[in-house]
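Asker: task: produce atomic coordinates for the following.
(chains A and B)
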Amino acid sequence: AQSVTQPDIHITVSEGASLELRCNYSYGATPYLFWYVQSPGQGLQLLLKYFSGDTLVQGIKGFEAEFKRSQSSFNLRKPSVHWSDAAEYFCAVGARNTGNQFYFGTGTSLTVIP
Amino acid sequence: NAGVTQTPKFRVLKTGQSMTLLCAQDMNHEYMYWYRQDPGMGLRLIHYSVGEGTTAKGEVPDGYNVSRLKKQNFLLGLESAAPSQTSVYFCASSYPVGYGGGANEQFFGPGTRLTVL
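Answerer: This is a model prediction of the structure:
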């Protein structure tokens, strides 16, 4: 069965520090992987996505993610966090073989300390 | 290009009342979805549609009904609202994930905050 795990419920970092948010997935075929960000009271916005090609994917707002098939991971990174990055982050896997459903992790809440 | 829109943005119901949430998209997407978001539980799929006139159950369909009479609209109905249905509801739409050889993401609406008293 398809599933996504985000082990960290909440992370706090200082502004300017680096960030890594973890995501592990379970999927039988080649995964379609996504990272979304949700600011308070807002909908979800796509940060980046991966299906094939270079395993290091660049996204918006300076974010990147690396696909590691051997570890079933798709971790999100940012070299230097800004206060405006404080938000909820969701990892998702898209499944072609189950009616095009997307499976979301439970999210990681990011707090940025000035 | 408005993307995905949802109406209403906020609603308060009394237990037992009914209501319909409307989702509209202008991107010609075949697939549309309804999710609910509750603290600590991420997004849970209620129902989805793979095309006009077709719908399917997701993870948490009980107490909800849906209809997709037009390709651009996806309606979510609550037949008899219960306090457990207090949540934020999101609609999304997409092309098939592999369509065109790419990873096609879901586009989300701004959400509807529903409170059932």
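Asker: residues contacting residue 13?
Answerer: With no chain named, the answer covers chain A. Applying Cβ atoms under 8 Å, 6 or more residues apart in numbering or on different chains to A:Val13 gives the contacts A:Leu19, A:Val81, A:Leu110, A:Thr111, A:Val112, A:Ile113. (Each C-beta comes from the backbone N, C-alpha and C, glycine too.)
Asker: try chain B instead
Answerer: Residues near B:Leu13 by Cβ under 8 Å, 6+ apart: B:Met19, B:Leu78, B:Ala81, B:Leu114, B:Thr115, B:Val116, B:Leu117.
Asker: pLDDT score for the fifth one?
Answerer: So that's B:Thr115. Looking at B:Thr115, its pLDDT reads 97.
Asker: filter the contacts of A:Val13 down to the ones near chain B?
Answerer: Cross-checking the contacts of A:Val13 against chain B (Cβ under 8 Å from any Cβ of the partner chain) gives no overlapping residues.
Asker: nearest to B:Gly42, of those?
Answerer: Nearest to B:Gly42, judged by Cβ to Cβ, of those is A:Leu110 at 15.1 Å.
Asker: element containing that closest one?
Answerer: Take DSSP states H and E as the rule and A:Leu110 turns out to sit in strand A:108-113.
Asker: and chain B, which of its residues are near chain A?
Answerer: Residues of chain B lying near chain A (Cβ under 8 Å from any Cβ): B:4, B:31, B:33, B:40-43, B:45, B:48, B:50, B:56, B:58, B:90, B:92, B:94, B:96-98, B:102-111.
Asker: are any of the residues you listed buried, and if so which?
Answerer: The neighbour count (16 or more other Cβ atoms under 10 Å in any protein chain shown) marks B:4, B:31, B:33, B:42-43, B:45, B:48, B:58, B:90, B:92, B:94, B:96-97, B:103-111 as buried among the residues of chain B next to chain A.
Asker: for the residue positioned nearest the centre of chain B, which residues make a bridge with it?
Answerer: A centroid search over chain B (Cα atoms, centre = their mean) returns B:Trp34, at 2.3 Å, as the residue closest to the centre. On the basis of DSSP bridges, B:Trp34 is bridged to B:His47, B:Cys91.
Asker: in this structure it contacts B:Phe74, no?
Answerer: Yes - assessed by Cβ atoms under 8 Å, B:Trp34 is found in contact with B:Phe74 at 6.8 Å.
Asker: right, I'll call it a day here.
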